[in-house]
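A.B. asks: Starting from these lines, generate the structure:
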Amino acid sequence: MSRPSQYDLPPNLIESVVEALANGVPAEVEERVLATAADAIPDVEPPLARALVRKAALHALIAEPGLRETLTAFEEWLDGALGVESAMALATGWALPAAGLDLDTAAREARLYIDAYPSEGRVIGDLDRRAARWLAERLAQVQARPADRLPAVRRSIRALAEAAESEFPQAGASLRGVADEVSDDQLWYELALRVTQRQLAFPS
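C.D. replies: The predicted structure is shown next:
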């Protein structure tokens with residue numbers, strides 16, 4: 001019997017692993033999820049089965065057409081360079097769910113700030129960034145300490161980087177730079193900025 005490749009594995013088998021990687025779960029949790037999925041592969045030694053499952057999950061992680069289009073365009077735009085700052089929006093937009101925040105509440109609070117902002121002040125611009133600075137502080141006060149949530153965010157971004165690197169090497173390296181090099185304060189602010197930008201892009 002030939003051994004299965006990572007591309008032969010049914011989507012339902014790797015679904016839990018894809019979710020775990022996207023959510024940035026701790027290493028020990030990832031190992032448990034991998035082991036459970038690998039047990040469903042017959043006639044393959046556990047270490048190889050886990051490796052196959054993880055490769056399949058990473059492949060599935062970037063299979064969504066919209067994400068692939070974004071990565072393709074970003075890779076072409078980088079043109080062989082490294083762009084950690086340029087990868088910030090993609091990285092934090094991707095990892096926002098991994099922060100474990102109540103995003104509906106965060107969106108409502110961002111909307112309250114935006115709606116209350118004086119109209120004459122909007123001509124100055126940067127309303128999204130002003131709102132994000134306020135929201136980042138608000139989230140830290142009423143929802144979660146950044147130190148408790150950012151490890152999962154960094155793991156989620158690293159998973160996306162790992163998934164991207166074989167096809168989109170500069171995009172993947174840039175995403176990894178966000179996870180490994182950006183300070184906690186900046187990363188938390190950027191998460192808040194993604195929330196405020198969405199509120200401005202889709203006004204109520």
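A.B. asks: and residue 52, helix, strand or coil?
C.D. replies: helix (DSSP: H, G, I helix; E, B strand; the rest coil).
A.B. asks: Let me know the distance separating it from residue 133.
C.D. replies: For residue 52, the distance to residue 133 (C-beta to C-beta, to the nearest Å) stands at 45 Å. (Glycine included, C-beta is placed from N, CA and C.)
A.B. asks: now do residue 188
C.D. replies: Residue 188 is 11 Å from residue 133, by C-beta to C-beta.
A.B. asks: Of those two, which one has the most company?
C.D. replies: Shown here are residue 188 and residue 133; by other C-beta atoms under 10 Å, residue 188 has more neighbours (26 against 16).
A.B. asks: Verify the contact between that one and residue 138 for me.
C.D. replies: No: look at residue 188 against residue 138 with C-beta atoms under 8 Å: they stay out of range, at 11.4 Å.
A.B. asks: Now the element after the longest helix along the chain, going C-ward?
C.D. replies: When the chain is parsed with DSSP state H, its longest helix is helix 146-165. Downstream of helix 146-165, the next assigned helix or strand under DSSP states H and E is helix 169-181.
A.B. asks: Could you pull up the mean pLDDT of that following helix?
C.D. replies: Mean pLDDT, helix 169-181: 98.
A.B. asks: What ranges in the protein fall below the confidence cut-off?
C.D. replies: Where the chain drops to pLDDT under 70, the residues are 1-8, 118-125, 203-204.
A.B. asks: Domains of it: list them as residue ranges, please.
C.D. replies: Per automatic domain parsing, the domain ranges recorded for the chain read 6-61, 65-201.
A.B. asks: nearest residue to the residue nearest the centre of the chain other than its sequence neighbours?
C.D. replies: Nearest to the mean C-alpha position of the chain, by C-alpha atoms, centre = their mean, lies residue 95 at 2.3 Å. In this structure, residue 95 finds its nearest non-sequential neighbour in residue 156, 4.0 Å apart by C-beta to C-beta, 6 or more residues apart in numbering.
A.B. asks: Could I get the full set of helices for the protein?
C.D. replies: According to DSSP H, the helices that the chain contains are 11-22, 27-38, 46-61, 65-78, 88-95, 103-116, 127-142, 146-165, 169-181, 184-201.
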